[in-house]
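> I need the structure of the sequence given here:
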Amino acid sequence: MRCARCPDSGSRGGILFKLIIGLAVLFAALALAWMLFLPAVLTAQLRSRTGFDATVQSLAVNPFTGTVELRGLVVTNPPTFPARDFMSVRRFHSNAEVFSLFTDRPVFQDVELDVARVTLVKRPDGQSNAAVLQRNYNQPADGLPHPPSSQPPRKFLIRRLTVELDEIVIDDHSGQTAVRHEYHLDLKHTYTDVTEVKQLFAPAALHSLAPVGAALSGLLPGNLGTALDDALKDVAKTGSSWFKALGHKVEEKAKGYFDALEESKKP
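Below is the predicted model of the structure:
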């Protein structure tokens with residue numbers, strides 16, 4: 001005999017189904033809001049901390065899987081620089097081991113960086129936009145000078161890193177006359193088991209950077225610039241066969257840049 005006061009199983013099933021649908025809609029709305037607001041948060045943080053402006057086409061972060069997908073990042077210089085262009089990134093993707101992010105050695109299974117153009121601008125005072133960006137980013141929140149940290153750089157492991165770079169532009173305003181040169185590199189290189197910055201300048205990658213390598217070493221800040229300097233010195237000492245095989249075309253491009261730079265510094 002059916003109890004009139006007993007809850008109907010069909011009603012219970014209907015309520016449960018509606019609850020699941022409601023939660024699914026709620027989570028979908030939160031995920032959409034997360035993706036919509038993330039680009040604004042990223043660009044606002046970059047602007048407030050460094051003074052450099054930026055726009056982002058799309059940015060998605062999944063904290064449960066450790067993946068980041070960014071598209072259409074454009075970074076521009078502050079008004080203190082004579083040119084606005086800095087960096088145009090088509091795509092950035094990373095896939096990290098989530099629990100490793102809470103340790104002293106984060107591990108990334110895969111990182112992909114696809115850069116359309118980097119414009120390195122040097123102001124009349126000799127400061128480059130890359131150096132100013134790094135200095136501002138590393139500046140303490142209180143804005144006061146602090147002694148350099150004695151802590152070693154944080155360790156990391158990238159099991160597979162793919163870097164694509166189409167073009168580098170050097171726009172130098174530190175001399176009597178501005179000198180601008182564009183280098184079409186079409187660099188695409190895949191690294192494995194990356195644990196330090198200097199691995200980025202392996203001989204195979206330096207082959208693509210050869211036309212502009214010497215000029216870059218004075219514009220890249222921090223560990224990146226030091227690593228490139230060391231790699232170029234090693235090449236000069238060893239006289240690697242790959243450098244000899246670059247040919248006259250590369251040599252003429254590099255020579256043309258330095259000739260123009262010397263002319264700009266003459267009174």
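> give me phi/psi at Arg49?
phi -90, psi -30 (degrees, to the nearest 10).
> so where do the strands sit in the stretch 1-150 of the chain?
Secondary structure of the stretch 1-150 of the chain by DSSP state E, counting those that start in this stretch: the strands cover 53-62, 67-76, 85-96, 107-122.
> can you state the direction angle for the third one and strand 107-122?
This points to strand 85-96. 170 degrees (axes from the mean of the first three to the mean of the last three CA atoms, to 10 degrees).
> what pairs with strand 85-96, parallel or antiparallel?
Note on strand 85-96: by DSSP bridges, its sheet partners are strand 67-76 (antiparallel), strand 107-122 (antiparallel).
> ok and the shortest one relative to strand 53-62, angle-wise?
The directions of strand 67-76 and strand 53-62 differ by 180 degrees, with the same axes, to 10 degrees as the criterion.
> run through who's touching strand 67-76.
46, 52-62, 84-96 (CB atoms under 8 Å, 6 or more residues apart in numbering). Glycine gets a C-beta too; all of them are placed from N, C-alpha and C.
> report the buried members of the residues you listed.
46, 52-54, 56, 59, 85-96 (16 or more other CB atoms under 10 Å).
> endpoints of stretch 119-133, how far apart?
This stretch, stretch 119-133, spans 13 Å end to end (CA to CA, to the nearest Å).
> list the buried residues in that stretch.
Per 16+ other CB under 10 Å, stretch 119-133 contains these buried residues: Thr119, Leu120, Val121, Lys122, Arg123, Gln127, Ser128, Asn129, Ala130, Ala131, Val132, Leu133.
> for it, what is the average pLDDT?
The average pLDDT within stretch 119-133 is 92.
> so what touches it?
50-52, 77, 80-83, 85-87, 168-174, 216, 219-221.
> so which of the residues you listed are in helices?
Thr50, Leu216 (DSSP state H).
> so where's this protein uncertain?
1-38, 140-153, 208, 210-211, 213-215, 217-218, 232-267 (pLDDT under 70).
> where exactly do the helices run in it?
9-50, 129-138, 203-209, 213-216, 222-238, 241-244, 248-265.
> now His173, nearest residue through space, not along the chain?
Pro82 (5.0 Å; CB to CB, 6 or more residues apart in numbering).
> need the contact list for the one you found.
Contacts of Pro82 (CB under 8 Å, 6+ apart): Val121, Arg123, Pro124, Asp171, His173, Ala178.
> what is the nearest of those to Asp229?
Val121 (20.3 Å; CB to CB).
> quickly list what the closest one is bridged to.
Under the criterion used here (DSSP bridges), Val121 is bridged to Asp171.
> ok, it to Ile168 distance?
For Val121, the distance to Ile168 equals 12 Å [CB to CB, to the nearest Å].
> again, but for Leu209
Taking CB to CB, one finds Leu209 at 8 Å from Ile168.
> between the two, what contacts are shared?
Contacts common to Leu209 and Ile168, judged by CB under 8 Å, 6+ apart, are Leu185, Leu216.
> in ChimeraX, how would I select the buried members of the contacts of stretch 119-133?
A single ChimeraX command selects the buried members of the contacts of stretch 119-133 (16+ other CB under 10 Å):
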select :50,52,77,81,83,85,86,87,168,169,170,171,172,173,174,216,219,220,221
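> in the sheet, which residues pair with the closest residue to Leu46 other than its chain neighbours? Tell me.
Nearest residue to Leu46 in three dimensions, chain neighbours excluded: Ala54, at 5.2 Å (CB to CB, 6+ apart). Beta-bridge pairing for Ala54 (DSSP bridges): Val75.
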